[in-house]
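Quick one: sequence plus predicted model below, questions after.
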Amino acid sequence: MSEIVFPGKPLTVNPIKVSQSMGAVLALLGLDRALPLQHGAQGCTAFNKVFFTRHFREPIPLQTTAMDQVVTVIGADQNVVDALNTVAVNNRPEIIGLMTTGLSEMQGADIHRSITEFRVAHPEHDSMSIVPVNAPGTLGSLESGYALALQSIISTLVPEGRTAGHRPKQVNVLMSSMLTPGDAEVVREWIEAFGLHPLLLPDLGGSLDGHLDDGGYATVTKGGVSRDAIASMGKSAATLVIGASLCTAADTLKVLTDVPDYRFDGLMGLEACDAFTQTLADIAVCPVPAGIERQRLQLLDAMVDTHFVVGAGRVAIAGDADHLGMLTQFLASVGCKLTAAVASSRAAILKRLPLASVAVGDMEDLEDMVREHGADVLVGNSHATQSAKRLAIPLLRAGFPQYDWYGGYARPWVGYRGSRQILFDLANLFAAARKEIEPHRSLYWQGTEREMESQHTPDIVL
């Protein structure tokens, strides 16, 4: 069991995390024809929109109730009602995600009451679903805000019923915030290989995978999982939960529908991938497809090829709890020495990590730990770039945000192939950083004429 350490500093220096409200927005972006609406100041929403746009390189539909100094003091309930009506009239979304921010939570906003007032004042919009999410930015991280939003989506859009198994080929998949749109495609193809129909919630692979279509710009999300599909989750044969942060959301779905679930901390590495594959084989009652078997053999071969380099490597890692858990368990399974680990916020999974201790802090804490214990490679989001430069070690970018790196959102990490590629990437970083031992030269060695000349001839690098 890992010891969780809290540095106890009076301030945060170079934070790892982003706010809960951003996590709630991310979850809503994986729904079709949805529009996140943040109850807060205009600057808060603009800041969040910049982060998402720089990470995904896509226009992001996001609206705000635009609280100012006056309504912050006297009350902003009418702002919520007016904003909901304006969005409903102008954008015609099927789903609005109404989420609080640090400002509205501090002001004491009651968004559930505001939704009730909106329903009374504007019955013409009764066909539109509203998902309320209390996500104060002063607590938690992107991961916890995302999990809160997912729980609210399930509570609001999944009807209570006892029809589990009516669609024996349909499988629900609750997707953690650590999974990229590229990971969503991997999970979808993995499940479909067994003849099953995956229903991903949310489905960022359908909405934010970076594709051009004939529809052009839209003021609501395009792609992702539809409202009707979410309503049918109670008819599925099983639910696959990927990420420990989604346990509460999974519990809510199970209470509403009685659909049996299978839970996984992550899908990286041989053990985790084998467990997921076997679960799919049990649900589908069929053997493992030959294509999946071959991917497993490819991962085994990569583990052999990179063993001596990766097994001798030292890694320092920072990220949200789910991501930290999946990566540390994978790295430990291939022999890496984990010299430092810092989580963005506390979570139950941190106690189960294969580490002596895990700090809950910022990038400054990680730098201090690396200077004390050493590391060959740093793993973290774009906030870790400056730390890697100061420590003079390479950075493997992982997590959100990646604003200085193209295609990070599309990169697959999970599955046999994703694990294989990360092994190769780590091996290359370790090999490039490794210092070769200079050959011994005798005091009396003079060398041949050709060798003496080569010592004074500069190398040409193309």
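Great, that's in hand. Numbering: from 1, shown residues only.

all strands of the stretch 101-250 of the chain, in order?
Assigned by DSSP state E, counting those that start in this stretch, the strands in the stretch 101-250 of the chain fall at 129-133, 167-175, 197-201, 236-242.

a markdown table for those strands, including mean pLDDT?
A markdown table is the format used below for the strands of the stretch 101-250 of the chain (pLDDT from 0 to 100):
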| stretch | mean pLDDT |
| --- | --- |
| strand 129-133 | 97 |
| strand 167-175 | 98 |
| strand 197-201 | 98 |
| strand 236-242 | 98 |
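
Let me have those in JSON lines, extended by distance to Arg371.
From N, CA and C alone the C-beta is placed, and that goes for glycine too. Shown next, in JSON lines, are those (distance: least, Cβ to Cβ, whole Å):
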{"stretch": "strand 129-133", "distance to Arg371": "39"}
{"stretch": "strand 167-175", "distance to Arg371": "36"}
{"stretch": "strand 197-201", "distance to Arg371": "41"}
{"stretch": "strand 236-242", "distance to Arg371": "35"}
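
Serialize these to JSON lines and add fields for mean neighbour count.
Below are the strands of the stretch 101-250 of the chain laid out as JSON lines (neighbours: other Cβ atoms under 10 Å):
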{"stretch": "strand 129-133", "mean neighbour count": "22"}
{"stretch": "strand 167-175", "mean neighbour count": "21"}
{"stretch": "strand 197-201", "mean neighbour count": "22"}
{"stretch": "strand 236-242", "mean neighbour count": "24"}
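
show me where pLDDT drops low in the chain?
435-437, 447-462 (pLDDT under 70).

ok, for the most centrally placed residue in it, nearest residue in space, not its chain neighbours?
Centroid check for the chain by Cα atoms, centre = their mean gives Met178 as the closest residue, at 2.0 Å. Leaving aside its chain neighbours, Met178 sits nearest to His323 (3.9 Å; criterion: Cβ to Cβ, 6 or more residues apart in numbering).

Surely the one you found touches Gly399?
Yes: taking contacts as Cβ atoms under 8 Å, His323 lies within contact range of Gly399: 5.2 Å.

what touches both of these two?
Met178 (Cβ atoms under 8 Å, 6 or more residues apart in numbering).

domain parsing for the protein?
For the chain, the structural domains run 20-157, 167-289, 296-433, going by automatic domain parsing.

contacting residues for the residue nearest to the centre of the chain?
Glu143, Gly243, Gly266, Gly319, Asp320, Asp322, His323, Met326, Gly399.

Let's see which of these end up in strands.
Those of the contacts of Met178 mapping onto strands are Gly319, per DSSP state E.

Can you get me a residue count around Pro439?
5 (other Cβ atoms under 10 Å).

Take the contacts of Met178 and lay them out in TSV including distance to Phe6 and neighbour count.
Converted to TSV, the contacts of Met178 look like this (distance: Cβ to Cβ, whole Å; neighbours: other Cβ atoms under 10 Å):
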residue	distance to Phe6	neighbour count
Glu143	18	32
Gly243	23	30
Gly266	24	26
Gly319	17	28
Asp320	16	29
Asp322	19	26
His323	20	29
Met326	22	28
Gly399	21	30
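
How far off centre is the helix or strand Phe47 falls within?
Phe47 is part of helix 42-56 when elements are defined by DSSP states H and E. The gap between where helix 42-56 is centred and where its chain is centred comes out at 17 Å by Cα atoms, centre = their mean, to the nearest Å.

neighbouring strands for the helix or strand that comes right after that helix, and are they parallel or not?
Moving toward the C-terminus from helix 42-56, the next helix or strand (DSSP H and E) is strand 63-64. Strand 63-64 sits in its sheet next to strand 34-39 (parallel), going by DSSP bridges.

Identify all contacting residues around the partner strand.
Residues from elsewhere that reach strand 34-39 (Cβ under 8 Å, 6+ apart): 21, 24-25, 28-29, 44-45, 48, 61-65, 67, 76, 79-80, 83-84, 87, 91, 93-101, 104, 109, 111, 219-221, 224.

Hmm, Ile242 and Val171 touching each other?
No: using Cβ under 8 Å, Val171 makes no contact with Ile242, being 11.9 Å away.

residues contacting Ala149?
Gly23, Ala24, Val25, Leu26, Ala27, Leu28, Gly97, Met99, Val131, Val133, Ala135.

Leu220 contacts Ile60, doesn't it?
Quick fix: residue 220 reads Val, not Leu. No: in terms of Cβ under 8 Å, Val220 does not count as a neighbour of Ile60; the distance is 11.1 Å.

residues making contact with stretch 294-303?
Residues outside stretch 294-303 that contact it (Cβ under 8 Å, 6+ apart): Leu270, Cys273, Asp274, Thr277, Val334, Gly415, Tyr416, Arg417, Ser419, Arg420, Leu423, Phe424.

Most neighbours of all those residues, which one?
Neighbour max across those (other Cβ under 10 Å) = Tyr416, 27 neighbours.

residue boundaries of the helices in the stretch 51-200 of the chain?
69-74, 77-91, 102-107, 111-121, 142-157, 181-192 (DSSP state H, counting those that start in this stretch).

what do you get for the stretch 301-450 of the chain?
Under DSSP H, counting those that start in this stretch, the stretch 301-450 of the chain gives helices at 321-333, 363-373, 385-391, 415-433, 449-454.

Same list, these, but as a markdown table with distance to Ala237 please.
A markdown table is the format used below for the helices of the stretch 301-450 of the chain (distance: least, Cβ to Cβ, whole Å):
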| stretch | distance to Ala237 |
| --- | --- |
| helix 321-333 | 25 |
| helix 363-373 | 43 |
| helix 385-391 | 44 |
| helix 415-433 | 21 |
| helix 449-454 | 69 |
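
Residues contacting stretch 162-175 from elsewhere in the structure, which ones?
Residues outside stretch 162-175 that contact it (Cβ under 8 Å, 6+ apart) are 30, 150, 183-184, 187, 191, 195-204, 232-243, 246, 249-250, 253, 257-261, 283-284.

how about the closest residue to Ser357 other than its chain neighbours, what does it touch?
Closest residue to Ser357 in three dimensions, ignoring its sequence neighbours and counting by Cβ to Cβ, 6+ apart: Glu3, at 4.3 Å. Listed by Cβ under 8 Å, 6+ apart, the contact set of Glu3 reads Ala356, Ser357, Val358.
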